[in-house]
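Colleague: starting from these lines, generate the structure:
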Amino acid sequence: MKLRDMVTSPSFDTKSVSHPPDEQLGHHLHRVALNSDAIAEKVRPVFTQYGSDIIRAAQMICAVLHDAGKSTSYFQDYILRPEKPFDRDLKAHAHISALLALKTAEKYFESRIPDPGRRRLLCFIIYIVVKRHHGDLRNFRTEFSSISDKSVQETLALQAEALSGDDLDVISSLLEHMIPGIMNGAHSAREDFTADHIQIQDLRSRYNIMTLPSALKKLNNNEKLELYFLLQYLYAALLYSDKKDVILKGKEVSTGKNFSDSLFDYRRRKFGTEPKEGISGIKEKVFTEIIEYLASNFDPEFRFYSITLPTGLGKTIASYAAALKIGELTGSNKKVIICIPFTSIIDQNYTVYEEITGGRNDSSLILKHHHLTEPGYKTGDETLSPDKSTFLIETWESDLVITTFVQFFESIITNSKSRVLKIPNMAHSVIILDEIQNIPYKLWKPVNAALMQFAKIYDCYFILLTATQPLIFEPGKEIRELVRNHDEYFKVFNRTVIKFPERGFEFENPDDLKSEITFFSDSHPEKNILVILNTKNAARKLFEELDELIKDKELYYLSTLITPCERKQIIERIKEKTSGNNGKIIAVSTQLVEAGVDISFDVVFREMAPLDSILQSAGRANRYNENPFPAEVYLFRFSGRNDFSSIIYGVELIEATNSVIREGIGNFGLFEKRYLSCIDHYFRRLKNYAENLEPALGMDMADMNFDELAGFSLIDDTVNTAQAYIILNDEAGYLWDEYVRIYNLELQPWEKKEEFKKIRNRFYDYVINVPVRKGGETALFNKEPEHGFFVWRSGEDEFYSYDPENFRLNKGFIKITSGVL
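Modeller: The predicted structure follows:
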């Protein structure tokens with residue numbers, strides 16, 4: 001893949017410049033308009049309240065006029081004569097440009113949108129998009145309030161008088177070129193753009209705290225939500241078009257490859273063509289069933305599908321094949337976006353897809369994107385510059401994107417100018433949401449509403465992938481299962497059984513658990529044991545106590561208070577020890593092992609947690625069906641003040657789990673064959689909880705309360721944390737020195753950020769986030785931070801425990817003071 005040039009003609013020359021040293025404003029506006037027009041043609045969004053010609057015209061007004069305010073003498077003096085003093089308010093251009101766009105939209109849409117309320121809403125959206133194109137979105141209802149400020153009115157009037165008349169003539173010609181008829185026979189909008197004709201006071205009367213809510217009240221919730229996505233689309237289209245011109249300088253990226261043959265070749269290489277037996281035969285049957293179901297039953301108007309299968313039956317490959325089949329059935333090479341809940345498991349999935357696509361050296365074929373992605377967009381033998389790479393990666397300019405839930409959901413539910421950039425490149429996609437049960441049930445209603453609208457507007461299809469399908473969408477009515485009789489496949493496996501420990505379900509205190517584990521280990525010296533606890537503090541303390549008592553087995557400890565670098569090493573060591581007769585081990589961990597950690601133990605002890613989490617834990621026992629008898633998964637909880645399960649997960653989830661488990665466990669335990677019926681029962685309970693909720697998120701989206709949406713986070717990160725950098729080895733030391741070097745460079749903050757991106761992924765392999773009460777950081781670490789991090793150096797600091805040779809000493813951060821952490 002090579003970047004190719006954009007063709008731009010005719011030329012719209014202006015005296016004013018848009019960017020130093022001599023980028024003509026007219027040329028920039030023309031290219032941005034062409035970029036936006038290409039988006040309109042490519043995306044073709046469907047908004048039921050406005051026709052496609054209206055939406056395109058709105059895009060063009062935003063694109064052509066977004067920087068028109070740069071033609072004032074104030075801005076030109078600021079950019080061309082930087083030595084001169086300048087007035088910050090007068091040299092600003094976004095607000096005056098927004099008023100020009102609003103005035104133009106009012107005039108153009110007056111005869112084209114008969115309903116005055118809908119016309120006013122669209123014009124106001126255009127105003128917001130242009131006004132905020134250098135910042136994040138703010139609340140819809142209060143966006144116009146600043147114009148009541150007398151000083152703002154005076155500034156806008158002065159700016160209107162300082163606009164270049166000659167350049168306005170050129171911009172008017174560009175408007176007519178992009179929207180034939182918009183000038184209504186006039187040569188220029190020069191007169192319309194004077195202070196007298198903008199009529200700021202008159203605009204205030206039409207767009208104020210009373211008139212806008214009145215127009216919104218006439219809309220139902222679905223129409224309001226559609227309006228949210230319309231504003232977001234116009235905003236994203238302008239930002240994308242503007243940044244693309246500035247960064248790519250008129251270059252284009254080619255995408256659109258079909259990978260169906262590549263997938264067929266991969267499966268033939270990997271699995272052969274001979275008839276399969278056992279688990280391999282079941283995988284083949286599932287794969288064939290999914291493709292045949294789509295071939296026979298696909299309805300292009302039906303947007304949501306699910307693949308519900310137990311672990312180990314090839315959901316990853318089957319879902320990708322289903323996505324490609326949907327593209328084939330709709331007659332287009334649809335982009336595929338694969339969203340995974342945890343960054344930690346992206347790499348292993350990416351490796352599989354990279355092998356399928358052959359896209360190792362071509363980022364236009366396959367792209368990995370999460371918050372630690374290094375800016376390296378590859379085009380064959382060349383890696384593009386950091387600014388180009390960052391733009392192309394963060395806008396998902398690729399046929400196949402592997403990303404996280406956070407990147408996806410926080411891009412469609414956001415006020416952020418950087419997050420929405422990828423919206424135009426999500427259109428006409430098949431979006432696979434892997435392990436969808438990780439969406440909190442309190443968000444089910446707004447997620448349902450948002451994705452249903454998103455799918456219709458952008459012609460997207462969703463495949464929800466899990467072994468425990470939550471009821472975010474109503475089966476049969478809103479979502480269809482691609483695996484016929486999928487419940488039968490859950491009866492194939494009998495790998496695990498959930499039981500209560502011999503001493504009973506409840507332990508009075510952690511000492512009772514320690515005694516239980518010690519007794520079990522002594523009684524079953526041949527078994528590898530995994531213990532999963534809910535808090536980092538409890539896990540570390542149990543590990544330390546077992547270290548004193550158990551000498552005949554190797555011990556390992558895992559939590560997020562150990563660096564990612566160490567965790568990878570420990571997990572690889574565990575895999576080595578648990579595969580074959582390589583000695584027996586005990587591992588103590590928090591829930592981090594539940595998602596995508598490919599390990600298998602003989603027995604698991606799991607502290608009380610939500611049912612889907614318990615079943616994920618069960619997936620770490622007898623994972624490959626290597627033992628003929630079910631592996632025990634012992635479920636327990638602490639009593640009284642030692643029980644933090646309800647605090648951590650919420651009372652509703654724990655109560656629902658407790659009820660379902662007790663109903664299903666029986667005298668001999670709850671066997672894997674019955675997991676599906678139990679999880680269905682559990683999710684029905686959560687559905688009832690969710691139906692009685694009215695999450696603020698849904699209302700904030702419908703009301704376009706963007707200030708509130710700024711706080712949306714898919715992951716609960718309300719706990720205050722401090723970052724510690726752990727210098728474990730020579731690489732960690734080198735990366736720290738590089739970080740300090742970059743920190744001390746005499747560069748702009750954004751330039752330092754771009755430089756740091758080159759090492760960011762490796763750097764964060766040595767970073768841990770430590771929960772700490774606000775204001776207590778220095779006391780906890782017994783030192784001051786260095787450039788934002790508390791740095792641990794071996795032999796100098798005591799807050800971290802590490803030994804490269806002895807895993808029993810690898811306890812990570814060791815100064816936890818709160819039992820809830």
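Colleague: in the stretch 1-150 of the chain, which ranges drop under the pLDDT threshold?
Modeller: 1-10 (pLDDT under 70).
Colleague: for residue 698, what are its contacts?
Modeller: 445, 446, 449 (Cβ atoms under 8 Å, 6 or more residues apart in numbering). Yep, even glycine has a C-beta here, placed from its N, CA and C like the rest.
Colleague: which one of the residues you listed sits in the busiest neighbourhood?
Modeller: When neighbours are taken as other Cβ atoms under 10 Å, the top entry among the contacts of residue 698 is residue 446 (22 neighbours).
Colleague: report the buried residues of whichever strand or helix holds that residue.
Modeller: Secondary structure from DSSP states H and E places residue 446 in helix 444-458. By neighbour count on 16 or more other Cβ atoms under 10 Å, the buried set for helix 444-458 is 444-458.
Colleague: please apply the same query to stretch 577-584.
Modeller: Result for stretch 577-584 [16+ other Cβ under 10 Å]: buried residues 577, 578, 584.
Colleague: hmm, who's touching it?
Modeller: 525, 526, 527, 528, 552, 553, 554, 576, 585, 599, 600, 601.
Colleague: quick one: average pLDDT of that stretch?
Modeller: For stretch 577-584, the mean per-residue pLDDT is 82.
Colleague: equivalent analysis for stretch 730-739, please.
Modeller: 97.
Colleague: quick one: distance of that stretch to the chain centre.
Modeller: Here stretch 730-739 is found 29 Å from its chain centre; the criterion is Cα atoms, centre = their mean, to the nearest Å.
Colleague: repeat that for stretch 484-493.
Modeller: Its chain's C-alpha centre and that of stretch 484-493 lie 31 Å apart, by Cα atoms, centre = their mean.
Colleague: can you give me the buried ones in that stretch?
Modeller: Neighbour-count burial for stretch 484-493 [16+ other Cβ under 10 Å]: 486, 489, 490, 492, 493.
Colleague: between those residues, which sits nearest residue 678?
Modeller: Using Cβ to Cβ, residue 490 comes nearest to residue 678 of these, at 10.5 Å.
Colleague: and that closest one, how far from residue 615?
Modeller: According to Cβ to Cβ, to the nearest Å, residue 490 and residue 615 sit 11 Å apart.
Colleague: ok, now residue 568?
Modeller: Counting by Cβ to Cβ - residue 568 and residue 615 are separated by 25 Å.
Colleague: ok, residue 387 next?
Modeller: 45 Å.
Colleague: what's the answer for residue 150, then?
Modeller: 63 Å.
Colleague: out of the two, which sits in the busier spot?
Modeller: residue 615 (27 against 7).
Colleague: quick one: residues contacting the more buried one.
Modeller: 467, 468, 675, 679.
Colleague: looking at those residues, which is nearest residue 696?
Modeller: Nearest member of the contacts of residue 615 to residue 696, counting by Cβ to Cβ, is residue 468, at 27.0 Å.
Colleague: I figured that closest one was touching residue 437, is that so?
Modeller: Yes. The criterion here is Cβ atoms under 8 Å, and residue 468 meets it with residue 437 at 4.9 Å.
Colleague: lowest-scoring secondary structure element of the protein by mean pLDDT?
Modeller: Ranked by mean pLDDT, DSSP states H and E, the weakest helix or strand in the chain is strand 4-5, scoring a mean of 54.
Colleague: right, and the helix or strand after that one?
Modeller: Toward the C-terminus from strand 4-5 - assigned by DSSP H and E - lies strand 17-19.
Colleague: can you list contacts of that next one?
Modeller: 23, 24, 25, 27, 28, 29, 67, 70, 76, 79, 80, 246.
Colleague: nearest spatial neighbour of the last one, chain-adjacent residues omitted?
Modeller: This points to residue 246. residue 19 (6.8 Å; Cβ to Cβ, 6 or more residues apart in numbering).
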